[in-house]
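1. below is the sequence, then the predicted model.
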Amino acid sequence: MADYTIEAIESAPFAQVCYVAWRDGRADAVVVDPGFDTESVLGLLQERGLVPAAILNTHGHADHIAGNAELKRAHPSAPLVIGRNDAVMLTDAVANLSAGFGLDVISPPADRLLDEGERIEVAGFDFLVREVPGHSPGSVVLIADGFDPPIVFGGDVLFAGSVGRTDLPGGSFPRLREGIHRKLFTLPAATIVYPGHGPATTIGVERRTNPFVGGLPDPPGSS
């Protein structure tokens, strides 16, 4: 049985999903991609008696960073973390696409920048960082490969039955497809993916059935 809990909070108007994750017996948590419904995120933390040990952004689009400022005000000691190549989006409403919606989302700057292949340990989770551009220039996925099955906070890279949009500035479907094939579809089939929109899925299901990047057999020993 898993010794962690992951709560999903969906935010309007983009149906973006934020995750709050914590290990059993601990009072610290990770908050992944706080969206516009910051009130619900802060309410969950208070209800469960949790303090965020880090705010992790999988990428810099507005719907995934909208809650950064309010969370940092409430918990200033929690470092704000994002992939190096999306860091500029935090403080630039044009780059993070919010200006086009008349929202002007501005986040505090990052406290830590993530690079391909490094590991980040926070709140009892040990994440491998893999950069998978294509939806945004610097999207990262966070892989907790010490669990059985592993878990992935995937942002807008891979969805249940779909993939992230690639028609936005800095997007590239070939790069997204390559990253998914090399860095996600090589994970065990049972790996659970928690995406930035929609329900959780598994690597095995998407590898076999995803209409955009799937149709691949499970590699030997992947189950």
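-> Thanks, I have it.
2. give me the mean pLDDT for the helix ranked longest in the chain.
-> Secondary structure of the chain per DSSP state H: the longest helix is helix 38-48. Averaging pLDDT along helix 38-48 gives 98.
3. stretch 136-148 now?
-> Mean predicted lDDT for stretch 136-148 stands at 98.
4. check which residues of it are buried.
-> In terms of neighbour count (16 or more other CB atoms under 10 Å), stretch 136-148 has its buried residues at Ser136, Pro137, Gly138, Ser139, Val140, Val141, Leu142, Ile143, Ala144, Asp145. The way it works is simple: take the backbone N, C-alpha and C, and place the C-beta from them, glycine included.
5. dump the residue contacts of the second one.
-> Taking CB atoms under 8 Å, 6 or more residues apart in numbering as the definition of contact, the neighbours of Pro137 are Asn85, Asp86, Gly170.
6. that older thread, among the buried residues of stretch 136-148, name the ones in strands.
-> Counting by DSSP state E, the buried residues of stretch 136-148 place Val140, Val141, Leu142, Ile143, Ala144 in strands.
7. which one of the residues you listed sits closest to Pro52?
-> Pro52 lies nearest to Leu142 out of those, by CB to CB, at 15.0 Å.
8. tell me the contacts of the closest one?
-> Each residue near Leu142 by CB under 8 Å, 6+ apart is listed here: Val32, Leu56, Thr58, Ile120, Phe127, Leu128, Val129, Val152, Phe153.
9. who's in contact with the helix or strand containing Gly179?
-> For Gly179, the host element (DSSP states H and E) is helix 173-179. With contact meaning CB under 8 Å, 6+ apart, helix 173-179 is reached by Arg130, Glu131, Val132, Pro133, Gly134, His135, Val157, Val163, Gly164, Thr166, Phe212, Val213.
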